[in-house]
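Enquirer: Build me a model from this:
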Amino acid sequence: MDRVAEFKKMYEGAMGRVSEMMGKVATTDTLPTGLIYLSHPFGGLKDNMFDAGQIANRLQKELGTDGTILSPIHNFSWLAYREETSGYWEDIYHCIRLLSSCDGMILSGDWRKSQGCCIEYLYCLHNNIPVYEYVEK
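Expert: Numbers count the residues shown, from 1 in each chain. Below is the predicted model:
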């Protein structure tokens, strides 16, 4: 079995499993430091890309030089990330490879309704990567 197939088998149905694991997310009242992954719904929608960019900009200003925000939506903007496309699991796999190098992850937007965000959340839980939820101030 190739890596993407193994990954798909492990995380398929992630949205259904997230609710049972809630409570393990800290808010961004205290920001993490280091390399920080910003998880935000995308689905190929430009509005989501804009919103994620606004949040990333705010967070980066708050962090200053204590951390660096990575936005996979912007890093991999040429990918579709649509669940109905045949390449969805390959697309999200690239995000997970990036996430695996990060010191923490911040969830934003309506992430609980996003298959990709839920996959990223579960990946962090399985790999002891600290998870925070963006709270607009």
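
Enquirer: Where is the longest strand in the protein?
Expert: Selection of the longest strand in the chain by residue count, based on DSSP state E, yields strand 34-39.

Enquirer: So what are the sheet partners of that one and their directions?
Expert: Partner strands and pairing direction for strand 34-39 (DSSP bridges) are strand 67-70 (parallel), strand 104-107 (parallel).

Enquirer: Among the ones you listed, which comes closest to residue 59?
Expert: strand 67-70 (5.2 Å; CB to CB). Backbone N, C-alpha and C define where each C-beta goes, glycine included.

Enquirer: which residues touch that closest one?
Expert: 31-38, 56, 59-60, 63, 98, 102-103, 106 (CB atoms under 8 Å, 6 or more residues apart in numbering).

Enquirer: and the longest helix along the chain, what other elements does it pack with?
Expert: For the chain, the longest helix by residue count, based on DSSP state H, is helix 46-63. Helix 46-63 sits against strand 34-39, strand 67-70, helix 72-75, with contacts defined as 3 or more CB pairs under 8 Å, 6 or more residues apart in numbering; DSSP states H and E.

Enquirer: by how many degrees do the first one and helix 46-63 diverge?
Expert: Right, strand 34-39. 160 degrees (axes from the mean of the first three to the mean of the last three CA atoms, to 10 degrees).

Enquirer: Please list the outside residues in contact with strand 34-39.
Expert: With CB under 8 Å, 6+ apart, strand 34-39 has contacts from 52, 55-56, 59, 63, 67-73, 98-99, 101-108, 111, 116-117, 120-121.

Enquirer: one more time with 6 Å, if that's ok
Expert: Strand 34-39 has contacts (CB atoms under 6 Å, 6 or more residues apart in numbering) with 56, 67-71, 99, 102-107, 117, 120.

Enquirer: coming back round to it: go through the strands paired with strand 34-39 and name the closest to residue 9.
Expert: Of all the strands paired with strand 34-39, it is strand 104-107 that lies closest to residue 9, at 22.0 Å by CB to CB.

Enquirer: that's a strand at residue 30, yeah?
Expert: No. Counting by DSSP: H, G, I helix; E, B strand; the rest coil, residue 30 is not found in a strand; it is coil.

Enquirer: Relative to residue 135, how far out is it?
Expert: Between residue 30 and residue 135 the distance is 11 Å, computed by CB to CB, to the nearest Å.
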